[in-house]
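Asks: the sequence and its predicted three-dimensional model are supplied below.
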Amino acid sequence: MDVDNLLAGQRFDRELDRALSQCDVLIAILGPRWMDLLSRAEGERDFVRDEIAAALKRDIVVIPVLVGREGHMPALPQANDLPEEIRELVLYQKHSVSHETFGRDTGELIAAIAAVLRGRRPPKPVKPLLIGAGAALVAALLLLIYQFGLVSWMQASRQTRGADPHVATVSSDAELAKQAEDEAAQRKAEEAKKVAQENARRKTAEEEARKKAAEEEAKKAAEENARRKAAEEEAQSKAAEEEARKKAEEEQQRKKEEEARKRAEDETRKKSAQEAEAKRESDENARIADACDRLAASPDDSSRPAGIPGVESTRIDGEAAWNSCSAAMTLFPDVARFIFQAGRAAHSRRDYDRAMVLYRKASEAGSAAGASGAGFLYERGLGVPQSDAEASKWYEKAAGLGYGPAMNNLGQLYHYGRGVTQDYKEARKWYEKAAALGNANAMTSLGFSYDRGAGVAQDYTEARKWYEKAAALGFGQAMSNLGFLYEKGRGVTQDYREARKWYEKGATLGNAFAMNNLGALYDSGAGMTQNFAEARKWFEKHWRCGISATCTKEGAGLPKIVSRPANGIRRQPTPGMRKPKEGSVLSSDSMGRPQ
């Protein structure tokens with residue numbers, strides 16, 4: 001019904017009721033802005049909404065028709081987004097009419113309307129005519145929507161209602177439909193013409209480009225041939241000149257006396273022999289120096305050559321390293337690096353007296369790593385009487401030279417008050433300095449300070465941050481401590497699987513505490529199937545490692561030479577688990593400190 005065609009004095013509600021009484025199908029056309037226009041009508045009379053509401057109340061079939069382009073088709077509104085009186089609109093099957101498939105979509109809509117009419121009323125002689133007329137009007141309306149952008153069916157309703165008393169559509173003018181079809185055909189012809197012109201233009205451009213490319217290629221080929229010909233002529237000329245010069249020199253040489261020629265040849269042979277011998281000695285010296293670096297350089301020693309990653313002290317081949325480094329130290333007696341590395345090799349062989357001599361000598365030559373190594377021997381009492389006070393002096397010397405591991409070791413002495421007055425703030429100062437240099441051990445020590453509230457407010461989040469930084473550098477102790485936070489739910493959501501993941505990573509790197517904690521998980525069955533055999537395997541691996549923070553293959557490794565183990569967190573096994581024989585292993589307390 002078209003409200004603009006009502007006569008003065010006619011009541012809208014009665015006329016609407018009369019029109020709907022003759023209606024079998026109402027088509028509601030929804031474009032991209034339909035919801036915007038509907039919401040804009042809040043507070044004022046909306047005839048479109050009234051028509052839909054009345055049709056729904058009368059149980060007239062309502063077909064929501066969505067119009068738009070493929071990929072940009074508006075969605076059918078949600079029931080909660082519609083006014084209460086028209087919410088049942090979403091219960092009717094929608095139909096989409098796309099710009100790209102307009103003919104097919106409108107044909108399907110016409111068929112749907114015909115099916116509805118056949119099902120709701122008995123056959124009448126004029127019914128096919130009414131269906132055809134309604135279908136034509138639907139097609140014309142939808143064509144006009146794409147032609148003029150009439151996505152608001154309120155606007156369309158004022159132009160095109162009233163065609164069929166049995167089909168409430170938004171179009172009633174067959175001539176408008178015909179005009180729209182003609183214009184669409186004309187537009188299609190123009191588009192085809194434009195496409196043909198564009199294809200012709202593109203073909204011409206491509207032909208010109210091919211022609212230009214061929215000319216350029218021919219030009220380059222000609223230039224290349226000319227260049228090659230000139231080069232060949234120049235080479236021939238030079239060859240001729242060289243041949244003439246050689247013949248002249250040969251003629252001159254033949255004129256020299258035989259004795260002079262023989263004397264020159266003898267001198268040449270002698271010089272060649274000397275150069276070969278010098279090169280052999282130089283190559284041998286370089287090979288020895290390289291072998292010492294590869295076998296005994298410390299990963300923390302900044303004086304090691306570029307490209308040499310360094311070797312952890314627990315993985316040094318003591319005999320091979322000693323043979324190479326003692327030879328390198330003899331060849332290069334003033335190079336502090338070789339003296340320190342020879343000390344590492346002696347340390348690995350448990351020749352602590354010689355190691356101390358070499359560490360001191362390396363320190364005197366300016367090696368920070370050598371001073372730190374001497375401090376470690378004093379701290380552990382290896383080859384010298386145990387003295388934490390003496391160790392702190394050597395660590396301070398190495399730390400003053402910017403050596404990160406010594407800073408961390410000095411921090412741990414202050415942390416536990418060994419050889420110095422216990423001072424958590426001083427410990428944290430040295431941890432932070434070492435961590436700033438990228439020392440993963442110190443990062444773990446910082447994390448442990450926050451973990452236990454040693455000198456700082458206890459902060460599991462801050463502890464986790466430092467553990468994660470050290471773990472990212474591949475430090476096994478940090479991985480073990482990080483796993484413990486997840487196991488206990490400290491600063492994180494308790495997650496046994498995450499705890500197990502970090503314990504396994506640390507254990508793979510040979511960390512003894514991670515082995516112990518992983519065994520404890522299997523022992524308790526926390527987050528996994530309880531498995532005493534697996535628990536025992538990891539406990540035994542931990543016991544074989546003893547107090548070392550890092551182990552070699554399956555067994556106990558040597559203590560680290562230049563760095564103390566970082567503070568570690570270790571769970572205790574379930575009472576009743578089998579323990580090793582007395583004296584077979586070293587032990588540590590729950591914080592990873594030696595007893």
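Replies: Thanks, I have it. Residues are numbered from 1 along each chain as shown.
Asks: not counting its neighbours along the chain, what's nearest Ala470?
Replies: Ala478 (3.3 Å; CB to CB, 6 or more residues apart in numbering). To be clear about C-beta, it is placed using only N, CA and C from the backbone, and glycine gets the same treatment.
Asks: quick check: mean pLDDT of the helix or strand containing that neighbour?
Replies: In the assignment (DSSP states H and E), Ala478 maps to helix 476-488. Mean pLDDT, helix 476-488: 95.
Asks: and that helix, which residues are buried?
Replies: Residues of helix 476-488 classed as buried by neighbour count (16 or more other CB atoms under 10 Å): 476-487.
Asks: that older thread, residues contacting the residue nearest to Ala470?
Replies: Shown in contact with Ala478 (CB atoms under 8 Å, 6 or more residues apart in numbering): 440, 443-444, 447, 466-471, 506, 566.
Asks: can you tell me which of those residues comes closest to Lys220?
Replies: Lys220 has its nearest neighbour among these in Lys469, at 57.1 Å by CB to CB.
Asks: that closest one: neighbour count?
Replies: 18 (other CB atoms under 10 Å).
Asks: please state the offset of the one helix or strand it maps to from the chain centre?
Replies: Assigned by DSSP H and E, Lys469 belongs to helix 460-472. Centroid separation for helix 460-472 versus its chain: 19 Å, with CA atoms, centre = their mean, to the nearest Å.
Asks: do stretch 237-251 as well
Replies: The answer for stretch 237-251 is 66 Å, by CA atoms, centre = their mean.
Asks: stretch 278-296 now?
Replies: Here stretch 278-296 is found 42 Å from its chain centre; the criterion is CA atoms, centre = their mean.
Asks: check stretch 220-231 too.
Replies: For stretch 220-231 - counting by CA atoms, centre = their mean - the centre lies 51 Å from the chain centre.
Asks: any idea of the mean pLDDT in the helix ranked longest in the chain?
Replies: Taking DSSP state H as the criterion, the chain has its longest helix at helix 174-255. Helix 174-255 shows a mean pLDDT of 91.
Asks: the helix or strand following that helix - contacts with which helices or strands?
Replies: Downstream of helix 174-255, the first helix or strand assigned by DSSP H and E is helix 258-296. Here helix 258-296 touches helix 318-331, helix 336-348, going by 3 or more CB pairs under 8 Å, 6 or more residues apart in numbering; DSSP states H and E.
Asks: right, and the ones you listed - which one's nearest Phe513?
Replies: With CB to CB as the yardstick, what comes closest out of those is helix 336-348 (23.0 Å).
Asks: so what touches the helix or strand just after the closest one?
Replies: Using DSSP H and E, the next helix or strand after helix 336-348 towards the C-terminus is helix 352-364. With CB under 8 Å, 6+ apart as the test, helix 352-364 has contacts from 336-337, 339-340, 342-344, 346-347, 369-371, 373-374, 377, 382-384, 394, 397-398.
Asks: mind doing that once more with 7 Å?
Replies: With CB atoms under 7 Å, 6 or more residues apart in numbering as the test, helix 352-364 has contacts from 336, 339-340, 342-343, 346-347, 370-371, 373-374, 377, 382-384, 397.
Asks: next: stretch 369-383.
Replies: Residues outside stretch 369-383 that contact it (CB under 7 Å, 6+ apart) are 298, 300-301, 336, 339-340, 343, 352-353, 355-356, 359-360, 362-363, 384, 386-388, 390-391, 394-395, 397-398, 403, 405-406, 409, 559, 561-562.
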